[in-house]
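*Asks:* Give the three-dimensional model of this entry:
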Amino acid sequence: GEPIQLRGWSTHGSWFMECYNDKGDFEKMKNEGANIARIAQYVTEGSGVDKQWVKNCIDYTAELGMYCLVDWHILKPGNPNDGGYGGYGDFFRDMISHVKSKGYTHVLWEICNEPNDDVEGAPAEFDYVWDWIKEYAQKVLPIIGEGDPDAVVMVGTPQWDQDVTRAFQDPIEIKDSFKGLQIMYSFHHYAADQQRYLGILSGAAAFVPVFITEWGLSSHTGDSGVDTKAGDHMLLVANGKNLGGQIISWANWSWSDKGESSGTFTGGG
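*Replies:* The predicted structure is shown next:
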């Protein structure tokens, strides 16, 4: 009955292996205060899907007593129904099988990172992206519901997880095949150039459960310096200063040495 706030970092792509190639890398994360790690499994970028890497990360977090958010990290193209993302069923079934075989209870699922139509504009102009997400959700949620029926699942929202209001204006239809899932909705925030979207987050928090599955102190490009004052504003909202009084969990982008200002180890992050 008490609100719980998960706080930690997201990995970057698996190819930044010096940052998460063994348990010690996640132990460092925990020592800095993290109780969750988000595992960003890029689908079409980098070296592609590496299921063994994700399983290793699940194991490391289990051994350290941390939660683990497994992220099917779509980016371009932004429609989660695109044929290039057709491996989602095999991926989630395999991950859930691994989790269940080990008796783990610490894994959360994120079904589609940042669904988007890659065009700039106000999020409300892209209602049809929510239709894409709902269509996709009706395919993937039954898969998770079958294998992990009471799991916590993050559903992406339009235009890079900015328009979370769509989740309560036009809800996903809940079917018997996944009625036990605990569905939350993703919001992403880059403090240096997206403060105007905090009102969307604050309003949505009065109606639906929200998880900030990715945020940074940089601009949305991942670089261009940091804005800690703007980041403090976001943390106030996450800590309950929102219209729902909701305590909102988050994962910072990113636990990497990419060399940009959103990176934890290099670039001034």
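*Asks:* switch to C-alpha atoms for all contacts and neighbour counts from now on
*Replies:* OK.
*Asks:* how about the helices of the protein, start to end?
*Replies:* 23-31, 51-64, 88-102, 127-147, 158-161, 166-169, 198-204, 228-238 (DSSP state H).
*Asks:* Mind checking the pLDDT average for stretch 40-48?
*Replies:* Average pLDDT, stretch 40-48: 93.
*Asks:* Could you pull out the buried residues of it?
*Replies:* By 16 or more other C-alpha atoms under 10 Å, the buried positions in stretch 40-48 come out as 40-43.
*Asks:* could you dump that stretch to PDB, C-alpha only?
*Replies:* The C-alpha coordinates for stretch 40-48 follow below in PDB (Å, rounded to 0.1, in the frame of the first residue of the first chain):
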ATOM      1  CA  ALA A  40      17.700  -1.300 -24.200                       C
ATOM      2  CA  GLN A  41      17.600  -4.000 -26.800                       C
ATOM      3  CA  TYR A  42      17.900  -2.200 -30.000                       C
ATOM      4  CA  VAL A  43      16.200  -4.000 -32.800                       C
ATOM      5  CA  THR A  44      17.400  -2.500 -36.100                       C
ATOM      6  CA  GLU A  45      20.300  -0.400 -35.000                       C
ATOM      7  CA  GLY A  46      23.800  -1.400 -33.900                       C
ATOM      8  CA  SER A  47      24.500  -5.100 -33.800                       C
ATOM      9  CA  GLY A  48      20.900  -6.200 -33.700                       C
END
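*Asks:* what's next to that stretch, contact-wise?
*Replies:* Contact with stretch 40-48 is made by 10-15, 49-50, 54, 70-74, 76, 84-85, as judged by C-alpha atoms under 8 Å, 6 or more residues apart in numbering.
*Asks:* and if we set it to 7 Å?
*Replies:* Outside stretch 40-48, the residues that touch it by C-alpha atoms under 7 Å, 6 or more residues apart in numbering are 10-13, 15, 49, 70-74, 85.
*Asks:* Contacts only, for the residue nearest the centre of the chain.
*Replies:* Centroid-nearest residue in the chain: residue 213, 3.4 Å away (criterion: C-alpha atoms, centre = their mean). Applying C-alpha under 7 Å, 6+ apart, we find residue 213 in contact with 186-188, 250-251.
*Asks:* and stretch 218-238, average pLDDT?
*Replies:* 94.
*Asks:* In strands, which of the contacts of stretch 40-48 appear?
*Replies:* In this view, these that belong to strands under DSSP state E are 10-11, 70-73.
*Asks:* hmm, back to that, any idea which of the helices of the chain gets closest to residue 219?
*Replies:* Checking those against residue 219 by C-alpha to C-alpha gives helix 228-238 as the closest, at 10.7 Å.
*Asks:* Buried residues, the closest one. List them.
*Replies:* Judged by neighbour count using 16+ other C-alpha under 10 Å, the buried positions of helix 228-238 are 230-231, 234, 237-238.
*Asks:* Just the CA atoms of it, as CSV, please.
*Replies:* C-alpha atoms of helix 228-238 as CSV (Å, rounded to 0.1, in the frame of the first residue of the first chain):
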residue,chain,number,x,y,z
THR,A,228,20.4,20.5,-14.3
LYS,A,229,17.9,23.1,-13.2
ALA,A,230,15.4,21.8,-15.8
GLY,A,231,16.2,18.3,-14.6
ASP,A,232,15.3,19.3,-11.1
HIS,A,233,11.9,20.4,-12.3
MET,A,234,11.3,17.0,-13.8
LEU,A,235,12.3,15.3,-10.6
LEU,A,236,9.8,17.4,-8.7
VAL,A,237,7.0,16.2,-10.9
ALA,A,238,8.3,12.6,-10.6
